[in-house]
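A.B. asks: Just to be clear, the model below is a prediction. Sequence and coordinates:
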Amino acid sequence: MGRYSEAFTRAAEDREGFWLEAAQAVDWTTPPTRALDDSNAPFYRWFPDAALNTSVNALDRHVEAGHGDRSALIWDSAMVGQVRRYTYAELLDEVSRFAGVLASRGITAGDRVIIYMPMIPEAAVAMLACARIGAVHSVVFGGFAAPELAARIDDAEPVAVVTASGGLEPGRTVEYLPMVAKALEISTAAPGTVIVKNRPEITGDASEHDGWLDWDEAMAGASPADPVSVAATDPLYILYTSGTTGKPKGVVRDNGGHAVALTWSMKNIYDISAGDVWWTASDVGWVVGHSYIVYAPLMVGATTVMYEGKPVGTPDAGAFWRVISDHGVKALFTAPTAIRAVRKADPDAAELAKYDISTLQTLFAAGERLDPDTFTWASEILNVPVVDHWWQTETGWAIAANLRGLEPMPIKAGSPTVPVPGYQVGVVAADGNPVPAGEEGSIVIKLPLPPGTLAGLWRDEERYRKSYLDAFDGYYLTGDSGYIDSDGYVFVLGRSDDVINVAGHRLSTGSIEAVVASHAAVAECAVIGIHDDLKGQRPSGYVVLKSGVDIDAETLRSELVAKVREEIGAVATFRDVTVVPALPKTRSGKILRKTMRQIADHEEYTVPSTIEDPDVLTALAEQLRG
């Protein structure tokens, strides 16, 4: 058996031994003697008799081991042209003092704190400070509209909001304080404490609001707070994800399982250890930012890069390469949409030639499917492994991956490779029975899920069951469709509701997208199923062209129709191709396919709170409804 097969088998057959051994990499105030408590299944608890502090594992233990001078966090802001570096000792000092600020306001273990901040170091400091005193943080993406912020305040019932005067986007600023004030006005659970980090680039002053505190003033007189030991099963954070009912779902992450899983993942999945420079190009408002900007890299003593900027436009398509060159980044983790944006703006990678990125060993992608064409382009220009991996807000870390630190495997374009040890992944038909290798169905994970995954939904047990557990007995429903090939490689084709029915034939829009994206003129695309009176549904493609490409729309359409017919078959009945200037996306890079379907079918739709640029959606609606 190879190292992967051995680890996977042991995690499945000797769950206790595998995870108790992994837990030895974590510092505990009370070490665990048990890994899993399944007495209240399907509500599983990891390391039920253990206690720890997450911020100690991220900071204190490295300083106490004599590594206080090691670089912990590098803040690189393309928006303000600044770089700020923190050693582990410096970051510990900031976190301890802000934890003291929170404690001075009466905030204690179990209290919730909303963090509504841009990509500045203080966002990470606030998260770690909450963890230090046992408070439960809930990070809301900076810039979310007041009603969305209020909905999260109402659900979490926080005792404090930590925010900043605003965020910076290319060509514009976003003032946060008016939105915070409005959210508190309409909320039914407005907290008594608001702390504001003033940014000199954005007007806004805590003193304008009665009782609000200025971050810098509060920090100036703060006494450092000691860490508070909490139960491994106590919540570390709540992270809200969109719900189909309109009410956001509060995914709950525990302290102990989270620390064990993320620590294990950094070495075994990403091949990152103490002293390595790691960059996750995401936002702290998303699960990727929680896991792999803030917590995991610090837990293993690595240097984490926090970037305020875009892959293009700040100032150009060489932004990523500059950051890698400037800071000696060993591995970059980003979303496929960011890679596609760079490719669209600079298809020949001319900007890359300006920088020395020889330190880069791996490019990791997640967030949505890494289409084969984008995979091929990135592989060719970077000449390093381009590794797709698949996970969700709910899981908190990878379900399927190519484990670069455990046993690197051959890469197959379009696949995130194999299930990570701890996850028993299957594919089932609508009746719940497993399907043969290579056949598409619903992707499920056998219970119990491994450590680090969701402990449930905040104060909503019924919704947790209904959303994830009721569809297939004994399994967690991922909501994604795909297949597992004869080599055990997982292929995720898209959300289950992106499977369309064309004249009785079930087709994945993801597989059609892969064909469309392979055309030389296409930078990115989306394929959705729209209503058809005859066939029930038909696929419709929306295409963004590469910069500088000049191709007649009818020529492009006929070539794409021919490619889909050749590679998928006439059954797809793919005929509709629309060239658009941009695709509507969430801030995390996911294309808003459901909203696009609603527009194309002339249904009423609501502009999602997670949208990156509402103007793109408005323009698309005008174009499609003509």
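C.D. replies: Now that the structure is in, tell me what you want to look at.
A.B. asks: which residues touch residue 430?
C.D. replies: Taking C-beta atoms under 8 Å, 6 or more residues apart in numbering, we find residue 430 in contact with 441, 442. For every residue, glycine as well, the C-beta is placed using N, CA and C.
A.B. asks: how close does it sit to residue 459?
C.D. replies: Residue 430 sits 32 Å away from residue 459, going by C-beta to C-beta, to the nearest Å.
A.B. asks: where along the stretch 201-350 of the chain do the helices fall?
C.D. replies: Here the stretch 201-350 of the chain has its helices, by DSSP state H, counting those that start in this stretch, at 215-220, 256-268, 287-289, 296-299, 319-327, 336-345.
A.B. asks: Using neighbour counts, pick out the buried residues of the second one.
C.D. replies: Okay, so that is helix 256-268. Applying a neighbour-count criterion of 16 or more other C-beta atoms under 10 Å, the buried positions in helix 256-268 are 256-268.
A.B. asks: Tell me the one of those nearest residue 561?
C.D. replies: Nearest to residue 561 among those, counting by C-beta to C-beta, is residue 265 at 42.4 Å.
A.B. asks: got a list of what the closest residue to the closest one other than its chain neighbours touches?
C.D. replies: Nearest non-adjacent residue to residue 265, counting by C-beta to C-beta, 6 or more residues apart in numbering: residue 397, 5.0 Å away. Shown in contact with residue 397 (C-beta under 8 Å, 6+ apart): 261, 262, 265, 269, 291, 296, 391, 420, 452, 453.
A.B. asks: let's go with 6 Å and repeat that
C.D. replies: 261, 265, 291, 391, 452 (C-beta atoms under 6 Å, 6 or more residues apart in numbering).
A.B. asks: Residue 604 versus that one, what's the distance?
C.D. replies: 37 Å.
A.B. asks: where does the closest residue to residue 298 other than its chain neighbours land in three-state SS?
C.D. replies: Nearest residue to residue 298, sequence neighbours excluded (C-beta to C-beta, 6+ apart): residue 58, at 3.9 Å. Using DSSP: H, G, I helix; E, B strand; the rest coil, the structure places residue 58 in helix.
A.B. asks: burial of residue 58, as a residue count?
C.D. replies: Neighbour count of residue 58, defined by other C-beta atoms under 10 Å: 30.
A.B. asks: can I assume it is in contact with residue 300?
C.D. replies: No. Look at residue 58 against residue 300 with C-beta atoms under 6 Å: they stay out of range, at 9.4 Å.
A.B. asks: gap between residue 354 and residue 317?
C.D. replies: Counting by C-beta to C-beta - residue 354 and residue 317 are separated by 11 Å.
A.B. asks: neighbour count winner among the two?
C.D. replies: A count of neighbours by other C-beta under 10 Å puts residue 317 above the other of residue 354 and residue 317, at 22 against 11.
A.B. asks: Tell me both backbone torsions, phi and psi, for that one.
C.D. replies: The phi and psi torsions at residue 317 (degrees, to the nearest 10) take the values phi -80, psi 10.
A.B. asks: what's in contact with stretch 449-469?
C.D. replies: 19, 42, 46, 238, 249-252, 254, 257-258, 260-261, 394-397, 422, 476-477.
A.B. asks: Could you pull out the buried residues of it?
C.D. replies: Buried residues in stretch 449-469, counted by 16+ other C-beta under 10 Å: 449-458, 460, 463-464, 467-469.
A.B. asks: Contacts only, for the residue nearest to residue 576 when sequence neighbours are not counted.
C.D. replies: Leaving aside its sequence neighbours, residue 576 sits nearest to residue 540 (C-beta to C-beta, 6+ apart; 4.0 Å). Counting by C-beta under 6 Å, 6+ apart, residue 540 makes contact with 528, 530, 576.
A.B. asks: who wins for neighbours among these?
C.D. replies: residue 528 (27 neighbours).
A.B. asks: what angle sits between the helix or strand harbouring that residue and helix 336-345?
C.D. replies: Assigned by DSSP states H and E, residue 528 belongs to strand 522-532. Put simply, strand 522-532 runs at 120 degrees to helix 336-345, going by axes from the mean of the first three to the mean of the last three C-alpha atoms, to 10 degrees.
A.B. asks: Show me what strand 522-532 is packed against.
C.D. replies: helix 509-517, strand 536-545, helix 593-600 (3 or more C-beta pairs under 6 Å, 6 or more residues apart in numbering; DSSP states H and E).
A.B. asks: is it possible to export the helices of the stretch 201-350 of the chain to JSON lines including distance to residue 278 and mean pLDDT?
C.D. replies: Listed next are the helices of the stretch 201-350 of the chain as JSON lines, based on distance: least, C-beta to C-beta, whole Å; pLDDT from 0 to 100:
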{"stretch": "helix 215-220", "distance to residue 278": "27", "mean pLDDT": "97"}
{"stretch": "helix 256-268", "distance to residue 278": "8", "mean pLDDT": "98"}
{"stretch": "helix 287-289", "distance to residue 278": "12", "mean pLDDT": "95"}
{"stretch": "helix 296-299", "distance to residue 278": "5", "mean pLDDT": "98"}
{"stretch": "helix 319-327", "distance to residue 278": "10", "mean pLDDT": "98"}
{"stretch": "helix 336-345", "distance to residue 278": "16", "mean pLDDT": "90"}
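A.B. asks: Distance to residue 358 added to those, as CSV?
C.D. replies: Formatted as CSV, those follow (distance: least, C-beta to C-beta, whole Å):
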stretch, distance to residue 358
helix 215-220, 39
helix 256-268, 22
helix 287-289, 26
helix 296-299, 21
helix 319-327, 9
helix 336-345, 19
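A.B. asks: Do a quick rundown of the helices in the stretch 1-150 of the chain.
C.D. replies: Counting by DSSP H, counting those that start in this stretch, the helices of the stretch 1-150 of the chain are 3-13, 15-22, 54-55, 61-62, 88-104, 121-133, 146-156.
A.B. asks: Ok, the stretch 351-500 of the chain next?
C.D. replies: 372-382, 461-464.
A.B. asks: I appreciate the help and will end here.
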